[in-house]
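> test case, fold it:
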Amino acid sequence: MIAGFVIAVFTAAYALIIIGKFKRSIVAFSAGMLLVFAKVFSDYDFERLGELIDFNTLGLLIGMMVIAGVLGGTGFFQYFSIKVIRLSGGRTRLLLCALLLTVGVFSALLDKVTTIILFAPILFLVADTLGKSPVPIVFASIMAANIGGTATLIGAPSNILIGSAAGLGFVDFVVATGPIALIALVIFAFYADKRIYQSLADVKAELKGLPGMDPSKAIHSKKDLKICLSVFVAVLIGFSLHGVLGYEPSVIALGGAAAVLLLTGKNFSELASDIEWDTLLFFIGLFLLSSALNVVGIADVLSRGLSALAAYEGLFYILMLWITAGLAAIFGAVPTVAVLIPIMRTVTMNYGIPVDIWWAVSIGACFGGGATITGEATNMVGLGLMEKYMKTTVTYFEFLRFSLVPTLMVLTAATVYVALRFAF
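So this is what the prediction gives:
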């Protein structure tokens, strides 16, 4: 009876998320609270809330949002972009590919949603200067962000979930998913240059007249910039050494956020708009939904079904890569990973599948989620900003027509990588 109720709530929530009529954060949070009020978690009290909601993930997200918000406020990203524009020398294709690679790199170092928010105004300005529609430029940048975010623990929300659930650290992700993220980013850059940017002529004169082309004027506070960069580097070092230091990544991120706020004199009210509250509520709802699947035993049933493939270990890795990618494209990367976490835990603990299977799930979620508007928050945020700027609407299939081929390309490269690195 309870299992049927959980399945019904879960199915309804995911249907509403896919339809997109309501905000997915509100749907997921409401569905999670419905399960709480229905006493699905009857054996849990408030003191055991951490067993249902992963506060390590939430803390890491909040900490990085604060650091990125203060760093963005210094004008650092505008400064960096102007440098890239000037180094291109007006060669349009070189400029756009350089911006694409820049977005990919910053998505790995910060997170891909924040990166798109920070770089969107720069992309619009460049498109206007070129006299071209920003649609293909923004589409390509969103794809680059999704690929680049695959490289690190903090680059993608789905990676944060996996890292917390499997006990995998920053260095683990860089070593395991970093190489394929770099390979895929280069592949996509070549694809974008040949299929998207090839018809664009050089515009040296126009770029010289680009507003705000003096990089020195982009920085609002050199003091705050130095503080933010110092703390940010310290946080990245802390992530790399968290196993030795004995601190969870969330503690390091929140410590960095506290240091940035204290040293720059900023306060929480100034950064309220930089905290993605919808994302945090979305995660809380997903944690409750996935915990409910585990509590009523549904995750165990699915795990036993997948365990039948455990004898074909190499095939299992590749199969999970594509299953995760397909589900991420349909349901979204984060919801897919949230559901798979209890299943993968059971498979690795009870059925002899190595923990390397998490890398197939991570790569599949990040690459597959880039295929559709609903697959990643990056896609929805980036397209939302573009629609607001252009006062137009991008359809589901318009984005899919652009993303499908490059998504299949990078997934094919990932299949080879996973097979050679982990499966065989």
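> leaving out sequence neighbours, find the closest residue to the residue most central in space within the chain.
For the chain, the residue sitting closest to the mean C-alpha position, by Cα atoms, centre = their mean, is A156 at 2.7 Å. Sequence neighbours aside, G149 is the residue nearest to A156 in space, at 4.0 Å (criterion: Cβ to Cβ, 6 or more residues apart in numbering). Quick note: C-beta positions are derived from backbone N, CA and C, even for glycine.
> if I look at the one you found, how far off is N350?
Distance of G149 to N350, given as Cβ to Cβ, to the nearest Å: 31 Å.
> would you agree the residue nearest to the centre of the chain is in contact with F367?
No - with contacts counted by Cβ atoms under 8 Å, A156 stays clear of F367, the gap being 10.3 Å.
> okay, and the common contacts of these two?
146, 150 (Cβ atoms under 8 Å, 6 or more residues apart in numbering).
> more neighbours: which of G149 and N350?
Applying other Cβ atoms under 10 Å to G149 and N350 shows that G149 carries more neighbours, namely 34 against 13.
> isn't that one right next to V105, touching?
No - in this structure, G149 is not within contact of V105 by Cβ under 8 Å, at 10.4 Å.
> how about the strands in the chain?
Residue ranges of strands cannot be listed for the chain, since DSSP state E assigns none.
> can you list the domain ranges for it.
As assigned by automatic domain parsing, the chain contains the domains 54-75+219-275, 91-205+276-423.
> which one of these is the most hemmed in?
Neighbour counts averaged per stretch over those are highest for domain 91-205+276-423, at a mean of 21; criterion: mean count of other Cβ atoms under 10 Å.
> quick one: it to chain centroid distance?
For domain 91-205+276-423, the distance between its averaged C-alpha position and the chain's averaged C-alpha position is 6 Å (Cα atoms, centre = their mean, to the nearest Å).
> number the residues from 28 up from this point.
Understood, numbering begins at 28; the last thing we discussed is domain 118-232+303-450.
> where does the stretch 328-451 of the chain dip in pLDDT?
Judged by pLDDT under 70, the stretch 328-451 of the chain has its weakly predicted residues at 329-338, 451.
> let me fix that: the chain
Using pLDDT under 70 as the threshold, the predicted model of the chain has low-confidence ranges 28, 45, 47, 69-78, 117, 226-243, 325-327, 329-338, 451.
> max-length helix in it?
In the chain, with assignment by DSSP state H, the single longest helix is helix 423-445.
> which residues touch it?
The set of residues external to helix 423-445 that reach it, using Cβ under 8 Å, 6+ apart, is 163, 166, 170, 174, 206-207, 210-211, 214-215, 218-219, 344-345, 348-349, 352, 356, 386-387, 390-391, 394-395, 397-401, 406, 410.
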